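> Quick one: sequence and predicted model below, then my questions.
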Amino acid sequence: MAPPSPTPSTAERSPVISALMYGLGIALIGGAATNMLHQPQLLIPVLAAAIAVAVIGSLIGTWHRQRRRPVRDLTTALAPVLRVDSTDGMLKARRRRHGVPTRLTIKYPAVFDERDEKARAEIRDIIATRLGGDVEATWQPPKRRVIVTIDPTPGATDIHDSSKATAPVASSDTEAQALVRARATEVVQAIMGATSRITQIDFDGGTDAPVALHVSYATTSRDLNAVYRQKVLLQVDSKTPGTWRDIWDFENSRVRFELRPPFPRNVPYPVQHPREYGVLPYAAGANGEIISWKLGAKRPHFLVVGPTGSGKTVLIRDIVLSAVLQGIPVILCDPKRTEYLDFAHFPGVILVTDIADIADAIQRFHDLMEERYAEIEAGLIASGAHSKFLFILDEYAVFKKLVNKLWEDKKKEQEKPPKRTTHPCLDDWSNLVLMVRGAGGHLVQGLQRPDADVTGGAERDSFRQRLALDQHTPETAKMMWNNSRIGTDLPSVQGRAMADTGRTNHPEEVQVLRMIPPSVDGHTEEDAWIWEHAREQASNPELWKEVYIPDALLELKARREQRMAVQRARLGIRPGAEAPAEPVSLAKASTSADASEPADAPDDATPPSPGRSEEDQDVQRLEDVGLYELEVGDVVMLEDETGIPCICTIDDIDYSEGDDGEELVDLTYTTEEGEQEVRTFSTDQSLTRRTKTG
Ligand SMILES: Nc1ncnc2c1ncn2[C@@H]1O[C@H](COP(=O)(O)OP(=O)(O)OP(=O)(O)O)[C@@H](O)[C@H]1O
């Protein structure tokens, strides 16, 4: 349907011409009447009255037409979009301010689909552009009408032209550049209205590839609305090649869209990054800059959320490395047991994988917190001066389930089981979340999905440092950031995340640093170099000489190693290539005087001889030994004729000679089942011997 056209003939006529025409008409009629009535003396007053009426009538008419003009123009502009047959009564201005309508009722026909979001947006845009102001529309489908309120912005309908060339002279554009300019103008005006102008386009080194669009727009309050800005960026981003970011200058009603350099991906852990005590690198920003977690009161604990495979383990490995490279010890709890095996013997790391041991670790860390608070209370050490200590609990939801099951099983063994239904360590964990930072402790909690207890409960404020990997669902976004849109368009790149980094007052996109240790698939030569360097630096005794770990926590490490040794022996596995690193000790009262340097141990504090418990004395090592090195009483691993390994104690060793003169060794041994056997070996063979260390 062709848009109904306004009637320019009368509408645009000057009031002076109208007055002259009316005056002339009335004068002619008046003149003729006085002539016919033979009353020539009335001619002058009749003419004067006629002229006055004509002028006033013309002015009123013009005023009325001008007053109706915005409504008429708007009707003309809206009619094709609303697909009306007749514009009669289509649009009514219910309220006006300074002649400009501020409330309208618009009727539309059944053919217009008010559920079409794009069409509704187009209507709002046309009204905003024509009347110059913020528009709010209420659609009433049963009545087929929309009530529109307009908050007019003074001068917003004006178009300011200037002869100053603010943009590169358009005529210098190549044909391709001119096309880009026209397209960019179309894209920007479609969302920001006809009052917006592209003042400048920066092209990449004379090509036709735009790298920046400079836009000015009529002053409005819409630009202060984040959703409006998001929409504008979405429009530019999706209709212009590349990925764009927006920089708004509200004071001058300008916005600059810049082509974003490709976001970094696969950023290796920067093992040579300058170190500052308590500042832990974990990600890279848009320009490749390193982003770190500053351990402190503002962001005491770190919440890491990521579904399987998104890179949560990689992030936690980054944090472990960053901590130990500064001499900050880490208790690393992994209920899934196998994610952090490369850290089992890493200096400064206590890996805990058994559920009961993790429960113990929490309770012992809680004890350490109590002890440290007691030291502060007694005046032994100033508040905030304890050295830093990290406690990481990955897969918290899995842990909670397993530890509560353990608790139920334990209750069944008791005659009078306690009433509580959850493991007491969970209460300790909650206390740690709320209190441990004052004692130098910082927590990292890993979750596959955000947990309402953590993101919404009393613990929320403690987990101010937070990061969520992978494209968010609206639920994740809402729980993590209290905004169901954030992170929902995150690209599907491994290690890409939204993080509250503290650099801006909203979550930002980051790329988690790549850290792939030797036992993980995809470990490259570069990863190997990083790992070895990190390990070498973390093994520097200088880093640990004044850092002590309480025996109670070291014991957990020893317990695990002992269990592993037995398990390996049972499965007939030789010890891995990695020799256990020397345990690191931390004295209970170790301090960090200015909290920016590793702790100074009290003068009289002698590091406990490597802090081993009785249980620790029992740690067993497996080693390969030649036949000549064996002694009676040694425990060795032998395989029976079917290849199944068994642990045997040597009762006797005899030397003999074979038929061809070869020297042989006859071992008499007792198996685990208590059977005595004899077997002959050639002297160049070696066996796996189990020894106790300590
Ligand atoms: N930041 C990253 N940079 C490069 N590659 C990464 C990054 N994060 C993860 N990856 C790749 O994705 C793989 C899976 O990551 P990761 O093991 O951390 O996932 P996850 O979330 O812990 O999953 P799961 O819980 O199943 O172990 C890594 O082995 C690595 O190949």
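Great, that's in hand. Numbering: from 1, shown residues only.
> since we're on residue 633, how many residues are nearby?
8 (other C-beta atoms under 10 Å). Quick note: C-beta positions are derived from backbone N, CA and C, even for glycine.
> Quick check: it is in a strand.
No: counting by DSSP: H, G, I helix; E, B strand; the rest coil, residue 633 is located in no strand; its state is coil.
> Next to the ligand, which bits of this protein? Give me the list.
266, 306, 308-314, 339, 494-495, 512, 514, 516, 520, 522 (C-beta under 6 Å from any ligand atom).
> buried subset of those?
Buried by 16 or more other C-beta atoms under 10 Å: 306, 310, 311, 312, 313, 314, 339, 494, 495, 512, 514, 516, out of the residues of the chain next to the ligand.
> And the residues you listed, which is closest to residue 261?
residue 495 (17.6 Å; C-beta to C-beta).
> Return the residues in contact with the closest one.
By C-beta atoms under 8 Å, 6 or more residues apart in numbering, the contact set of residue 495 is 265, 266, 267, 311, 314, 315, 469, 511, 512, 513, 514.
> redo that, cut-off 10 Å
Shown in contact with residue 495 (C-beta atoms under 10 Å, 6 or more residues apart in numbering): 264-267, 283-284, 306, 310-312, 314-315, 318, 469-470, 510-515.
> Show only the entries of those found in strands.
283, 284, 469, 510, 511, 512 (DSSP state E).
> Burial check on the fourth one, number of neighbours?
Going back to what we said before, that points to residue 510. 25.
> In this structure it contacts residue 497, no?
Yes: with contact defined as C-beta atoms under 10 Å, residue 510 counts as touching residue 497 (5.5 Å).
> shared neighbours, these two?
In contact with both residue 510 and residue 497: 282, 283, 315, 467, 469, using C-beta under 10 Å, 6+ apart.
> any idea which of these is closest to residue 628?
residue 315 (50.1 Å).
> ok, the closest one touching residue 465?
No: between residue 315 and residue 465 there is no contact under C-beta under 10 Å: 11.7 Å.
> hey, what's in contact with both of the two?
282, 302, 304, 444, 499.
> Quick check: the two most widely separated of the residues you listed?
Top of the distance list for these (C-beta to C-beta): 444 and 499, 13.4 Å.
> overlap in contacts of those two?
What both residue 444 and residue 499 touch, as defined by C-beta under 10 Å, 6+ apart, is the set 293, 302, 304, 315, 465.
> ok, what's across the strand from the last one?
When you say that, I think you mean residue 465. Legend: beta-bridge partners of residue 465 under DSSP bridges are residue 302.
> tell me the domain ranges of the protein?
Annotated domains of the chain cover 8-152, 170-259, 279-571, 619-692 [automatic domain parsing].
> of all these, which lies closest to residue 273?
domain 279-571 (5.6 Å).
> Quick check: end-to-end length of that closest one?
Domain 279-571 has an end-to-end distance of 42 Å (C-alpha to C-alpha, to the nearest Å).
> Next up, phi/psi of the residue in the stretch 101-250 of the chain positioned nearest to the ligand, please.
Here the stretch 101-250 of the chain gets closest to the ligand at one residue, residue 243, 19.4 Å apart by C-beta to the nearest ligand atom. As for residue 243, its main-chain torsions (degrees, to the nearest 10) stand at phi -110, psi 130.
> list the contacts for it?
Counting by C-beta under 10 Å, 6+ apart, residue 243 makes contact with 237, 258, 259, 260, 261, 262, 263, 491.
> try 8 Å this time
Taking C-beta under 8 Å, 6+ apart as the test, what residue 243 contacts is 237, 259, 260, 262, 263.
> again, but for residue 677
Counting by C-beta under 8 Å, 6+ apart, residue 677 has contacts 648, 668, 669, 670, 671.
> Please check those residues and keep the buried ones.
Among those, the ones that count as buried by 16+ other C-beta under 10 Å are 648, 669.
> Spell out for me which residue occupies the centre of the chain.
residue 498 (1.1 Å; C-alpha atoms, centre = their mean).
> pretty sure that one is in contact with residue 512, am I right?
No: here residue 498 lies out of contact with residue 512, judged by C-beta atoms under 8 Å, at a distance of 11.2 Å.
> Closest to residue 450 out of the shared contacts of residue 315 and residue 465?
Among these, and counting by C-beta to C-beta, the member closest to residue 450 is residue 304, at 10.5 Å.
> Low-confidence bits of the stretch 551-694 of the chain, can you list those?
574-621, 640-645, 692-694 (pLDDT under 70).
> can you give me the strands for it?
620-626, 635-639, 645-657, 663-671, 676-682, 686-692 (DSSP state E, counting those that start in this stretch).
> Can you lay out these as a markdown table showing distance to residue 202?
Supplementary listing: these in a markdown table, determined by distance: least, C-beta to C-beta, whole Å:
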| stretch | distance to residue 202 |
| --- | --- |
| strand 620-626 | 66 |
| strand 635-639 | 71 |
| strand 645-657 | 71 |
| strand 663-671 | 81 |
| strand 676-682 | 80 |
| strand 686-692 | 69 |
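> can you tell me how far residue 302 sits from residue 294?
Between residue 302 and residue 294 the computed distance is 11 Å (C-beta to C-beta, to the nearest Å).
> Looking at these two, which one has more neighbours?
The neighbour count for residue 302 versus residue 294, taken as other C-beta under 10 Å, is higher for residue 302 (25 against 13).
> how many neighbours does residue 649 have?
Residues lying near residue 649 (other C-beta under 10 Å) number 15.
> How about the contacts made by it?
633, 634, 635, 669, 670.
> now, which of those sits nearest residue 72?
residue 635 (102.2 Å).
> For residue 364, which non-adjacent residue is closest in space?
Closest residue to residue 364 apart from its sequence neighbours, by C-beta to C-beta, 6 or more residues apart in numbering: residue 552 at 4.5 Å.
> measure the one you found to the ligand for me?
As judged by C-beta to the nearest ligand atom, to the nearest Å, residue 552 and the ligand stand 29 Å apart.
> Looking at the chain, which residue is nearest the ligand?
Closest point on the chain to the ligand, by C-beta to the nearest ligand atom, is residue 495, at 2.2 Å.
> got a pLDDT number for that residue?
pLDDT, residue 495: 95.
> backbone phi and psi for it, please?
According to degrees, to the nearest 10, residue 495 has phi 90, psi 0.
> and if you look at the one 10 residues further on?
Backbone torsions for residue 505, taken as degrees, to the nearest 10, come to phi -90, psi 20.
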